[in-house]
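J.: sequence first, then the predicted structure, then my questions.
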Amino acid sequence: MGFRISFEDRGGGRVYSLHDDDAGSSASVLPGYGFNLFDLRLPVAGEARPMVVAGPGFADAPRGAGGSGVPILFPFPNRIRGGAFAFQGKSFELARTKGPNAIHGFVADRPWEVVEHRATTDEAFLIGRFQLSKQAPEVCDHWPADAVIQVRYGLSGRRLTMTTTISNPTAVDLPYGFGIHPYFRLPFAPGGDLGRTRIVIPASKTWTLKDFLPTGEIVPVDDRLDFRRGKPIEGLKLDDVLTDLEHDGAEGVCRLIDLEKGGEFQLGFDRSFRELVVFPPPAKPDVIAIEPYTQTTDAINLQAKGFDAGLRVLGHGRSDVLTLSMQTRG
């Protein structure tokens, strides 16, 4: 009983699963495909339930499986206009993977290195590492600097904590943005009442978009995008970048509430995260993507035009630590 780690070899590589047997929670990660947290089961309303959505057979055939698990987005989340940008006087071109634009960075679909995994008296944890020059050397000429991203998943009780460390091993500046693209189920049980749900998002402003790219203008949320008092998932249609996030102390929280079951799932984020992209997939009425980002879409181009878009720049030997959490109540 207590904390443990199990392993299973699947078509997509070895799956590492963290367990808290006393709480009945578990978290399964596929390092061979983006260090993707594709199965998270947490107790809520008297039962351990799957909180994260992944396609059937994801662990066996993950490639091309969009809309699954928790993709990690680095060194940029969402789109870069035209797949092109300039930084410190040098121009860069990226592969255009979303129409005319580049999207979602370099690490979400490549193998990661497993650094450590262990069960202690306090938690079960797994650490993965990705360095651009080692795991994706072909992209190094397309980004201003090499970069190291390390992600630690720690499971204890009803809570999974994701701690991300970004480091710059080079002698030049590293521009970056980080985000995740998780898919969550609401209501918690299949066949639940979509109308008896609430999505609470603590954002008071939004970026004006044209063709899914920010123009640079930020405006107050209108009724369609104001989730501060909660909206049901039923009938939601949006794909927007929300900002001006409220934090309660050190952490901001998005809440997915199932009124029928009397419980809720919470996605927490530290003050490094400035934006949230919210997207309910049209073909999946009980699924919603809530994506915390450290920057807005196309930040590297907007920043060059004088907008405060959230682009982060690390000097030689510097690191940033970013924290997200997922937990249940009720």
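T.: It's in. Numbering: from 1, shown residues only.

J.: hey, which helix is longest across the chain?
T.: helix 299-304 (DSSP state H).

J.: contact partners of that helix?
T.: 76, 80-81, 85-87, 175, 177, 214, 216, 296, 309-311 (Cβ atoms under 8 Å, 6 or more residues apart in numbering). C-beta here means a position set from N, CA and C on the backbone, and glycine is covered the same way.

J.: now that helix: how far from the chain's centre is it?
T.: Using Cα atoms, centre = their mean, to the nearest Å, the mean C-alpha position of helix 299-304 is found 21 Å from that of the whole chain.

J.: quick check: mean pLDDT across it?
T.: In this model, helix 299-304 has a mean pLDDT of 98.

J.: can I get that helix as PDB, trimmed to CA atoms?
T.: Taking C-alpha atoms only, helix 299-304 is exported to PDB below (Å, rounded to 0.1, in the frame of the first residue of the first chain):
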ATOM      1  CA  ALA A 299       4.400  36.400 -28.400                       C
ATOM      2  CA  ILE A 300       7.900  36.500 -30.000                       C
ATOM      3  CA  ASN A 301       6.500  38.600 -32.900                       C
ATOM      4  CA  LEU A 302       4.200  40.800 -30.800                       C
ATOM      5  CA  GLN A 303       7.100  41.500 -28.300                       C
ATOM      6  CA  ALA A 304       9.200  42.800 -31.200                       C
END
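
J.: could I get the buried residue list for that helix?
T.: 299-303 (16 or more other Cβ atoms under 10 Å).

J.: format these as a markdown table; extra columns: distance to residue 242.
T.: Output for these, formatted as a markdown table (distance: Cβ to Cβ, whole Å):
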| residue | distance to residue 242 |
| --- | --- |
| 299 | 15 |
| 300 | 20 |
| 301 | 20 |
| 302 | 16 |
| 303 | 19 |
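
J.: show me the shaky parts of this protein.
T.: Across the chain, the ranges flagged by pLDDT under 70 are 1, 64-66.

J.: the residue nearest to residue 101 when sequence neighbours are not counted: what's it in contact with?
T.: Leaving aside its sequence neighbours, residue 101 sits nearest to residue 79 (Cβ to Cβ, 6 or more residues apart in numbering; 4.2 Å). Taking Cβ under 8 Å, 6+ apart, we find residue 79 in contact with 98, 101-103, 212-213, 297-298.

J.: farthest pair within those?
T.: Greatest spacing in the contacts of residue 79, by Cβ to Cβ: 102 and 212 (12.7 Å).

J.: more neighbours, these two?
T.: residue 102 (24 against 18; other Cβ atoms under 10 Å).

J.: gap between that one and residue 78?
T.: 10 Å (Cβ to Cβ, to the nearest Å).

J.: over to residue 191?
T.: 32 Å.

J.: what ranges does the stretch 201-330 of the chain have for its strands?
T.: Assigned by DSSP state E, counting those that start in this stretch, the stretch 201-330 of the chain shows strands spanning 203-210, 213-220, 240-245, 252-258, 263-269, 275-279, 287-293, 312-314, 319-329.

J.: export these as a markdown table, with columns for distance to residue 152 and mean neighbour count.
T.: Below are the strands of the stretch 201-330 of the chain laid out as a markdown table (distance: least, Cβ to Cβ, whole Å; neighbours: other Cβ atoms under 10 Å):
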| stretch | distance to residue 152 | mean neighbour count |
| --- | --- | --- |
| strand 203-210 | 27 | 17 |
| strand 213-220 | 31 | 15 |
| strand 240-245 | 23 | 20 |
| strand 252-258 | 20 | 22 |
| strand 263-269 | 15 | 22 |
| strand 275-279 | 22 | 23 |
| strand 287-293 | 17 | 22 |
| strand 312-314 | 19 | 17 |
| strand 319-329 | 10 | 18 |
